[in-house]
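J.: I'll drop the sequence and a predicted model, then ask my questions.
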Amino acid sequence: MLIKPDHSQSANNFSGVFISKLLRFLIPVSSLSLVLSLLVPFDFSRGLSSVVLAQVSPSPVQEDSPTQEKSTTEEPMIDDLQTPEESEEDNDILFPNQPQPEDNSSPTNKPGDRNNPLLPNPSQPEDNSSPTNKPGDRNDSQSDSEADPEQLYETGIEQFRQGLFSEALDTFQQVLELRQKQQENSLEVAATLNYLGDVYANMGENTEAEKAIQKALTIYRQQEANSQQAQIGVSRSLNLLGFVYSNTDKNSEALKLHQEALKIAQSVQDPENIGESLHNIASVYTRQGQFEQALEYYEQARTYREQVGDLRDESRTLNNLGALYFSRGDTEKAIGIYQQALALRRQIGDQAGVGRLLSNMGYIYQRLGDNSQALVYFEQAVGLLERIADQDNAARVYGLMGSIYEAQEQPTEALTAYQKAVDLAQKADDRSRLSEALDQLGYVYYQQGQYQQALQTYQQALSLYKQLENQAKTGATLNKIGEAYEGLGEYSQALESFQEALVLLKATGDTEGEKATRESIESVEQKQGQSQP
């Protein structure tokens, strides 16, 4: 008996997922991810300029499939990263099936706060950009010999704020090389490293992000006793590092870093980093399902954002607030807040933020049952996200699109969308999202009677679930592998897979899955007996 992927269960868990992941892109936890990843990155720790979160696919499992369970792990995106120089952390967090809050990274120096409407569509939900370059990130009085690195630095900030992460990465790497050669101002080197970390985080390269931010933090720590500028740098680095930890599900460690960053920012009376820290703390509380605390901190962060006047940071907080209200069932308020955030993102020309907000808006319409409007938003979103190489969030959105096509009984389009999600998740090196995309792709193959392709795809997903030590998903996927073998008439291998699945389902307390697996075993044993001479 095939076990349907329980999309309804994902929907029921949507609030929890959305909030907890709410993401990163992010970003891909099934329940929590649903809420968070659906909303284009509901960045939790905006330390990274624009990280996005996981998504849970909202589309229901097709009723015509009697046994096979479909994977649903897309979440809204949450935009909550924060970088030392920019407080933004995207992460995460697009909601695969739900609006994602936005990242939490700190804003950069905004040369781009001018009007620059990106898209004609007024409803783009999310935003993952980091705060601007702060006045203390470098010496304002610089010699002519430093003009080139300074100009490049400002160019990098502008590129970052517009979501042009690949271009920003190249620019900041050039700046870092020049500043290290000059060896005149180590704080400038640290500021550049923070930006590099923020860019890497927004591109989903968390290992590289952590390396760069840790180097910046070391430099700032060495001078914080005698320099307020260094203290501010420490606060920014801690926020960015917290975002990276949130991106890798180290929420307790992330919370401690954001709280430490808040204390430092308060001690030096830095309203920008106070707002960023409050925003990031709220994003972690959201991930942990502590919604009341999250709402309180987001509202405080919003006050500081408005006081500072950074449109990018203000839109990030609005994005996450929208995701939070959506998870609480207040759809009308969520849409209104997203529209405000979208207008701000367009005003500053932030392509990444616009793409994530569009993704969140699409997710909301998908949840409301308006799949046609949802696809309009999703198609605009992936166009922008792919253009700026935001592969993780683009993968989430393609997963959501696949779930809609699947629900509309358009298997060819669903296969194309899920395959795109697989390809992009591989490029982003996001094993969690990749495993879910493979799971979804395998299910469509199975539904079409392409059992060999389904088997191969499920086996890839199984390998990843084992690496991630996800027993529940491992057990469910073993069941699907058994069903694929059954479809191929390879009953001995089917029984072997079902027996393995049964052990894991017992261990995880999945009584319904256990019952279904026992029924599958009985069915296959009967077929095996009938096939023997």
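T.: On my side now, so go ahead.

J.: averaged pLDDT, stretch 299-318. What do you get?
T.: The pLDDT scores in stretch 299-318 average 94.

J.: gap between the two ends of it?
T.: End-to-end distance for stretch 299-318: 9 Å, by Cα to Cα, to the nearest Å.

J.: which residues are in contact with K466?
T.: Shown in contact with K466 (Cβ atoms under 8 Å, 6 or more residues apart in numbering): T474. To be clear about C-beta, it is placed using only N, CA and C from the backbone, and glycine gets the same treatment.

J.: just the pLDDT for it.
T.: Taking K466 on its own, its pLDDT is 95.

J.: cool, T286 as well?
T.: On the pLDDT scale, T286 is placed at 91.

J.: that one - that's part of a strand, no?
T.: No - T286 is assigned helix when assessed by DSSP: H, G, I helix; E, B strand; the rest coil, not a strand.

J.: what's around it, how many residues?
T.: Residues within reach of T286, counting by other Cβ atoms under 10 Å, total 36.

J.: for the helix or strand harbouring T155, name the packing helices and strands.
T.: Element membership for T155, per DSSP states H and E: helix 147-161. Contacts defined by 3 or more Cβ pairs under 8 Å, 6 or more residues apart in numbering; DSSP states H and E place helix 147-161 against helix 165-182, helix 186-202.

J.: so which of the ones you listed comes closest to Q339?
T.: When the helices and strands packed on helix 147-161 are compared by Cβ to Cβ, helix 186-202 sits nearest Q339, at 23.4 Å.

J.: which of the helices and strands packed on helix 147-161 is buried the deepest?
T.: Of all those, helix 186-202 has the most neighbours on average by mean count of other Cβ atoms under 10 Å, namely a mean of 31.

J.: taking helix 147-161 as reference, get the angle to it.
T.: Here helix 186-202 points in a direction 30 degrees away from that of helix 147-161 (axes from the mean of the first three to the mean of the last three Cα atoms, to 10 degrees).

J.: rounded mean pLDDT for helix 186-202, please.
T.: Average pLDDT, helix 186-202: 95.

J.: tell me the helix or strand right after it.
T.: Note on helix 186-202: by DSSP H and E, the next helix or strand toward the C-terminus is helix 206-223.

J.: and that following helix, which residues are buried?
T.: In terms of neighbour count (16 or more other Cβ atoms under 10 Å), helix 206-223 has its buried residues at 206, 208-213, 215-217, 219-220, 223.

J.: stretch 457-477 too?
T.: By neighbour count on 16+ other Cβ under 10 Å, the buried set for stretch 457-477 is 457-458, 460-462, 464-465, 470-477.

J.: likewise for stretch 510-527?
T.: Neighbour counts over stretch 510-527 (16+ other Cβ under 10 Å) mark 510, 513-514, 516-517, 520-521, 523-524 as buried.

J.: list the contacts of that stretch.
T.: Contacting residues not belonging to stretch 510-527 are listed as 1-3, 67, 472, 475-476, 479, 482-483, 486, 491, 494-495, 498-499, 501-502, 505-506 [Cβ under 8 Å, 6+ apart].

J.: and the strand or helix carrying E514, how far out from the chain's middle?
T.: E514 is part of helix 511-531 when elements are defined by DSSP H and E. The chain centroid and the centroid of helix 511-531 are separated by 38 Å, computed with Cα atoms, centre = their mean, to the nearest Å.

J.: ok, back up a step: farthest pair in the buried residues of stretch 457-477?
T.: The span of the buried residues of stretch 457-477, defined through Cβ to Cβ, is set by T457 and Q471 at 20.3 Å.

J.: if we can go back for a sec, let's have the buried residues of helix 206-223 in CSV, adding distance to R367 and pLDDT.
T.: Supplementary listing: these in CSV, determined by distance: Cβ to Cβ, whole Å; pLDDT from 0 to 100:
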residue, distance to R367, pLDDT
N206, 29, 92
E208, 35, 96
A209, 31, 96
E210, 34, 96
K211, 38, 97
A212, 37, 97
I213, 35, 97
K215, 42, 97
A216, 40, 96
L217, 40, 96
I219, 45, 96
Y220, 43, 95
Q223, 49, 92
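
J.: mean confidence score for the helix or strand encompassing Q380?
T.: Assigned by DSSP H and E, Q380 falls within helix 371-387. If you average the pLDDT over helix 371-387, you get 96.

J.: could you do stretch 524-533 as well?
T.: 84.

J.: let's see which of the contacts of stretch 510-527 end up in helices.
T.: Counting by DSSP state H, the contacts of stretch 510-527 place 472, 475-476, 479, 482-483, 486, 491, 494-495, 498-499, 501-502, 505-506 in helices.

J.: and those residues, which of them are buried?
T.: Those of these that meet the buried threshold are 472, 475-476, 479, 482-483, 486, 491, 494-495, 498, 501-502, 505, by 16+ other Cβ under 10 Å.
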